[in-house]
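Student: Sequence below, structure please.
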Amino acid sequence: MNGLIKLELTRALRNRKFLFFSVIYPSVLFLLIAGSADSTTKIDGTGLTLPTYMMVSMASFGALTAVLMGNSERIAKERENGWVRQLRLTSLPGRGFVLAKTASAAVVSLPSIVVVFVAAAAVKHVRLDAWQWLVLTAAIWAGSLVFAALGVALGYLASGDAVRPITMITYFGLSILGGLWMPTATFPEWLQQISKWVPTHAYAALGQAIEQNQAPHAEDIAVLAVYFALFTGGAAWLYRKDTLKA
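Tutor: Got it, this is the predicted structure:
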């Protein structure tokens, strides 16, 4: 399995388009959104300035891009060209394939988080304690596994041609409804109530709690745990179903 993880990492790092959208694009968006923002005015209901708030949002968005977009389309294409079928002929267990995909996506997501943090600290002078930077990085990185599992599930759900529009709709829907592009406080009241149950909202809330020097809310952790169970269960079921077809 280690060999497969190394192979997946090499393939991901050679994909310049993927690296741009997962590593550079989120930091560019952060600078566009927070570049001219006031660094003292706080967002209602958060106690955070816009640059501090958007730093976590864009770091989460970058990790989401890496694990969701990277997994779904690649798996769907590999199913079509027979690569997944060839792997089944080896001694690699099915869980090994899923773990290799998840691990490689998670490794690639780490630079996207760090680059956003560097941009926020260097350009917008966001300042946190050393332990906050470390815990924040760990929380966003670990939380991305929820969406890595979703990416695997989508890769087995749709064919190579159909997976891109399905993934894009999911990707933008989660980003917008979860408040990664704009604070949910700006949403209408009815939409705010819906956004509370979107996994990306709970995902970003983990980092925002750490920025506020607070422990993450149990409700947010529970929401992510439930979605992780649903996505991993769905990925496992779809993998077994695809195996039976083969």
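Student: Tell me how far stretch 121-130 lies from the chain's centre.
Tutor: Taking CA atoms, centre = their mean, to the nearest Å, one finds the center of stretch 121-130 at 22 Å from the center of the full chain.
Student: how far away is the residue positioned nearest the centre of the chain from residue 133?
Tutor: For the chain, the residue nearest the mean C-alpha position is residue 64 (1.9 Å; CA atoms, centre = their mean). Residue 64 sits 20 Å away from residue 133, going by CB to CB, to the nearest Å. The way it works is simple: take the backbone N, C-alpha and C, and place the C-beta from them, glycine included.
Student: Please apply the same query to residue 20.
Tutor: 25 Å.
Student: which one of the two has more residues nearby?
Tutor: The neighbour count for residue 20 versus residue 133, taken as other CB atoms under 10 Å, is higher for residue 133 (16 against 11).
Student: tell me which element the nearest residue to the more buried one once chain neighbours are set aside is part of?
Tutor: Leaving aside its sequence neighbours, residue 133 sits nearest to residue 117 (CB to CB, 6 or more residues apart in numbering; 6.8 Å). Secondary structure assignment for residue 117, by DSSP states H and E: helix 94-123.
Student: For that helix, what does the pLDDT average out to?
Tutor: Per-residue pLDDT over helix 94-123 has a mean of 78.
Student: do stretch 132-148 as well
Tutor: What stretch 132-148 shows for mean pLDDT is 93.
Student: which other residues reach that stretch?
Tutor: By CB atoms under 8 Å, 6 or more residues apart in numbering, the residues outside stretch 132-148 that reach it are 56, 59-60, 63-64, 66-68, 71, 101-102, 105-106, 109-110, 113-114, 117, 128, 174, 199, 203, 206-207, 210-211, 213, 216, 224, 227-228, 231.
Student: tell me which residues of that stretch are tucked away?
Tutor: Buried residues in stretch 132-148, counted by 16 or more other CB atoms under 10 Å: 133, 135-137, 139-141, 143-148.
Student: same question, stretch 180-187
Tutor: 180, 183-184, 187.
Student: Looking at the residues you listed, which is nearest residue 42?
Tutor: residue 183 (10.7 Å; CB to CB).
Student: That closest one contacts residue 46, correct?
Tutor: Yes - contact criterion CB atoms under 8 Å: residue 183 and residue 46 qualify, at 7.1 Å.
Student: Now residue 167: closest residue in space, sequence neighbours ignored.
Tutor: residue 72 (4.5 Å).
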